[in-house]
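Q: sequence first, predicted model second:
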Amino acid sequence: MRLYDQAKKAFIPQDDQNECGAICLLIIIRFFSGNNRITTIKDLTNTSLGGCTLLDIYTAANKLGMNSSAFQLQDNDLSSLNYGIVQVITKEGFPHFCVFFGFKNDRVILGDPAKGVVTMSQNEFLDMWKSRIILEISPKEEFFEINNICKNYNLKNIISAFSPYAGAFYSIILLSLIASIISLISPVFSKVLIDTILPLHKMSILVLTVLCVSSCLSIGVFVNYALQSMVVRVTSKYTFSIANSLLDSLLSLSKKSQGSYSFGDVISRFREVDNSGYVFSLMSSFVNSIFFFFLSSIVIAFFSTELMVVTIVATITYFILSIVFTRKYLLLEKNRLVSLSKYYATLGSYLNNLDHLRYSSFYNSECSVFQRKKSSLSDYVVISKYQINLSTVFLLINIVYVSLSLIIASHLYFDGKIALGSLVALFSYTSMLYPHIQNLFSTIPILVKTYQALNRAFEFKEDLSLPTDAHNLVSNITSIKANKLTLSLQQGKNLFEDIQFEITKGECLIIQGSNGSGKSTLLHLLLGGYNNYQGTIKYNDIEISHISKSSLWQKIGVVLQNATLIEGSIKENIVFGEEYDSQWLCYLIEKLMFKEFFSRFSRGLDTLINGENGRLSLGEIKIILLLRALYKKPEVLILDELLSSVDEIHSRQMLSVIHKISSHLILIVVTHSPQKFASLNCKYILIGKE
């Protein structure tokens, strides 16, 4: 492949001005057939609002198994340069990262994340490249090992998503095979009827044969019924479980990675996964058509060598075209889904500012939301045209195949090598092949869409970053230790540093600090929400990075400062994702003295709350959120400004609850009013200056 074409294949455009450095590294990785996500690259390069530095890219490249070296070169060294990243100065005077692919035919091939793959003269390039510094990047053996792991990772996730339904899938294959065999009976019956039964002139034999064939066809009806019923049952279970898996993956994202996905992007992926629910129905249809195609081809091949050759040639042609189409379609469909995801992301951000849209250029066709919709539609048009063209080729080949088969079969009949019944049977088989071939072709694109949808859904998973010795927390949490905790969210600036504490069961840790000092961030850090910290966090003397997040979260109850209620009943808001246990809920409310509190509501726990929390006061909302945290029987309770802006009555109620439960768990409280918790067994840490 020519260098320019290879560069175009590896190229990916930037979405934001600040990510050109991360995009350049991703382009280099793709150039060497690597497979990483932009979110991972942005995380490794510490990309922020100000972008990243060449040193950040250097560090990230080494972590990804690549050799990277920075050089300052002379103008005459240009022709000897290898692939690398350079920082140029744009016409507007801004620094901008680009990928240097090479120097061919006195032209520089440059990958500009903002413009695409461009060529320019040496002088033009040197005018932009003021520093003459290049970060040369090449893969090590380790890079290819990491790449293979990443390539297989999503496939493993997809396989694991289907593994619970392996038995159902095998049953679908078996039933499809039986249905295909039964569908071959009609042409055989035509042959036997014309060549054997009718010449006998015996009605009894005819009736007996018809009854046998009818019985077989009736069995086929029940087989199809069983097949479709199984598909419906499995589809409903699969759709529910895959949506749960996507949600679980999303919840497992680190706090930093969550910022890489917009609300619209997440909704887009959920929508794609919902559409993938038809995969079992498609598989059933696909497998049925494959079985019929091969079985009928085998039957046809038995009549003559010529027919066998024509069938084999047609089969190979179909197979090659299917592979070529599928590989091309995979890339096109991926691009379409990415464009559609960006459209939903942009649309979501516009709709979040609905009041401002009336006075903006939202209705302008040049608006970014319409541009991204146009982009996804243009991808759809390209895919559709490609699909129509290939479908036409398929059908033309099928016409040629059927025509040749009929000519050969007729020739055999004229030569007396086959009887009239065999000729009719051959006509039936070849005509029945047409809809099955068409079905095969129409199913492939939808299966590809399903694969790509699942592929994108599992981008949320971060299990690759989990150590191989990670394990679940089995024992009760009796201690939490933090040693020299430092977290930097922006380059060169620590949000907080050298945080140290040790807290055990029955104790309360009070976290104080001014607004913006990092109190809430520290809570997210203790919950495993950030990976890029220095120091250690240990639960029961086990480093948090070696504990699976799901097992940790099962043991922690949390009331965050900005938490809200969902639309539904009070009971649904308390249970909130946990398994409903009416006895435990009633015991909890009675033990914590909230029975009178809920009796004030017209329908008690069944009182409905709308999206704006109805007419509930802030204190009432906080009580429901506290009960939500306690319902899961936590061993650690984290409260972020629980009593802030709450009236005195509800504040006293919640403090009473906290006093009752404090000896049974570890309590961590962020508050500006530590005196309210003074009667507890407290330890204090101060972040920043109060």
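A: Received the coordinates, thanks.

Q: so, low pLDDT: which residues of the stretch 451-600 of the chain?
A: Low-confidence segments of the stretch 451-600 of the chain, defined by pLDDT under 70, span residues 457-475, 489-493, 531-532.

Q: err, the stretch 301-450 of the chain, not the other one
A: Ranges of the stretch 301-450 of the chain meeting pLDDT under 70: 327, 330-331, 334, 338-380, 441.

Q: which residue ranges of it form helices?
A: In the stretch 301-450 of the chain, the segments counted as helices under DSSP state H, counting those that start in this stretch are 305-351, 354-357, 368-414, 420-457.

Q: Leu246 is nearest to which of the ones you listed?
A: For Leu246, the closest of the helices of the stretch 301-450 of the chain is helix 420-457, at 4.9 Å, according to C-beta to C-beta. C-beta: built from backbone N, CA, C; applies to glycine.

Q: helices or strands up against the closest one?
A: helix 141-162, helix 185-192, helix 203-251, helix 263-275, helix 279-303, helix 305-351, helix 368-414 (3 or more C-beta pairs under 8 Å, 6 or more residues apart in numbering; DSSP states H and E).

Q: tell me the helix or strand right after the second one.
A: Same thing as helix 185-192. For helix 185-192, the succeeding helix or strand toward the C-terminus, using DSSP states H and E, is helix 198-200.

Q: touching that following helix from outside, list them.
A: Under the criterion C-beta atoms under 8 Å, 6 or more residues apart in numbering, residues Leu206 lie in contact with helix 198-200.

Q: just how off-centre is that helix within its chain?
A: Helix 198-200 has its C-alpha centroid displaced from the chain centroid by 64 Å (C-alpha atoms, centre = their mean, to the nearest Å).

Q: stretch 287-300 - what's its average pLDDT?
A: The pLDDT scores in stretch 287-300 average 80.

Q: number the chain from 23, please
A: I'll keep to 23 as the first residue from here, and by that count the last item is stretch 309-322.

Q: using PDB, write out the CA atom coordinates for it.
A: Output of stretch 309-322 as PDB, limited to C-alpha atoms (Å, rounded to 0.1, in the frame of the first residue of the first chain):
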ATOM      1  CA  VAL A 309     -28.600 -20.200   9.700                       C
ATOM      2  CA  ASN A 310     -31.800 -21.400   8.000                       C
ATOM      3  CA  SER A 311     -30.800 -19.900   4.700                       C
ATOM      4  CA  ILE A 312     -27.200 -21.300   5.000                       C
ATOM      5  CA  PHE A 313     -28.400 -24.800   5.700                       C
ATOM      6  CA  PHE A 314     -30.900 -24.700   2.800                       C
ATOM      7  CA  PHE A 315     -28.400 -23.200   0.400                       C
ATOM      8  CA  PHE A 316     -25.800 -26.000   1.100                       C
ATOM      9  CA  LEU A 317     -28.200 -28.900   1.400                       C
ATOM     10  CA  SER A 318     -30.000 -28.000  -1.900                       C
ATOM     11  CA  SER A 319     -26.600 -27.400  -3.600                       C
ATOM     12  CA  ILE A 320     -25.600 -30.900  -2.500                       C
ATOM     13  CA  VAL A 321     -28.800 -32.400  -3.800                       C
ATOM     14  CA  ILE A 322     -28.400 -30.500  -7.100                       C
END
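
Q: right, and Ile611 touches Phe620 too?
A: Yes - between Ile611 and Phe620 there is a contact under C-beta atoms under 8 Å: 6.5 Å.

Q: and Gly557, which of the three is it?
A: Following DSSP: H, G, I helix; E, B strand; the rest coil, we place Gly557 in the strand state.

Q: so what's the residue count around it?
A: 15 (other C-beta atoms under 10 Å).

Q: quick one: contacts for it?
A: Counted by C-beta under 8 Å, 6+ apart, Gly557 has contacts 504-508, 520-521.

Q: what's the answer for Asp662, then?
A: Contact analysis of Asp662 by C-beta under 8 Å, 6+ apart lists 541-542, 545, 580-583, 692.

Q: give the bridge partners for it, please.
A: Per DSSP bridges, the residues bridged to Asp662 are Val692.

Q: returning to what we had before: can you turn the buried part of the contacts of Asp662 into a PyMOL selection?
A: Of the contacts of Asp662, the buried ones can be selected in PyMOL as follows, counting by 16 or more other C-beta atoms under 10 Å:
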select buried, resi 541+542+545+580+581+582+692
